[in-house]
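Visitor: fold the following and give me the result.
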Amino acid sequence: MQEAAIDAESFWAFSLEVYARPRVAELCIALQDEFGFDVNLLLLGLWVAETDRTALGTEQIGELREAAAPLNDNLVQPLRRARRWAKPSEPVAETPRHKFYGALKQVELKAEGLVQAALVEALVAGLARGGEAQTPQAAATVSLEKYRQAIGAPEAASIPLAQLIDRALI
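Guide: Reported below is the predicted structural model:
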């Protein structure tokens, strides 16, 4: 991967831009909730494909999952559960619960940034690269399919993964 492209700020900016595209957030959350994908690792696969035009390797995906696991298990997931539990049922009112929910959402977002920094740090640490240059879409397809297989997600997850690639890498 090119040195200029390897930094957590670039990855974060890419993630925010891609996540804001139509249906990307919805697809990421569905892949997370229905099949057990880590949204940050999905976004990393897309980022590497877009910036480096290579795919993540199977061993690399395992090492990246390992690098993110402590933060995900001990910080992001508990915050996500708390935020989802605290979500107000009335969407418009500005109650103390709304303010608390908003604060939890901001803290969860900061925790996601820590996960992304850990992923980039693991990527920079010299993990083996996935292979020769290809189109971003082809590289992302290889990366995300290897990720699907690594977590044992059913083949049915390949459909929303393909939709995610189509929406994210335009």
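
Visitor: centroid residue for the chain?
Guide: residue 40 (1.9 Å; CA atoms, centre = their mean).

Visitor: how about that one, what does it touch?
Guide: Contact analysis of residue 40 by CB atoms under 8 Å, 6 or more residues apart in numbering lists 15, 68, 112, 115-116, 119. Every residue, glycine included, has its C-beta placed from N, CA and C.

Visitor: remind me which helix or strand it belongs to.
Guide: helix 39-52 (DSSP states H and E).

Visitor: before we move on, back to that, make TSV out of the contacts of residue 40 and add pLDDT and distance to residue 139.
Guide: Formatted as TSV, these follow (pLDDT from 0 to 100; distance: CB to CB, whole Å):
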residue	pLDDT	distance to residue 139
15	97	17
68	97	20
112	96	23
115	97	22
116	96	19
119	96	17
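
Visitor: and the residues you listed, which two are furthest apart?
Guide: 15 and 68 (13.6 Å; CB to CB).

Visitor: CA atoms only: put the helix holding residue 40 into CSV for me.
Guide: The C-alpha coordinates for helix 39-52 follow below in CSV (Å, rounded to 0.1, in the frame of the first residue of the first chain):
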residue,chain,number,x,y,z
VAL,A,39,-18.4,-2.3,9.6
ASN,A,40,-14.9,-0.9,10.1
LEU,A,41,-13.3,-3.9,8.5
LEU,A,42,-15.8,-3.7,5.6
LEU,A,43,-14.8,-0.1,5.1
LEU,A,44,-11.1,-1.0,5.4
GLY,A,45,-11.5,-3.6,2.6
LEU,A,46,-13.2,-0.9,0.5
TRP,A,47,-10.5,1.7,1.3
VAL,A,48,-7.6,-0.6,0.5
ALA,A,49,-9.3,-1.6,-2.8
GLU,A,50,-9.9,2.1,-3.6
THR,A,51,-6.5,3.5,-2.7
ASP,A,52,-4.2,0.5,-3.4
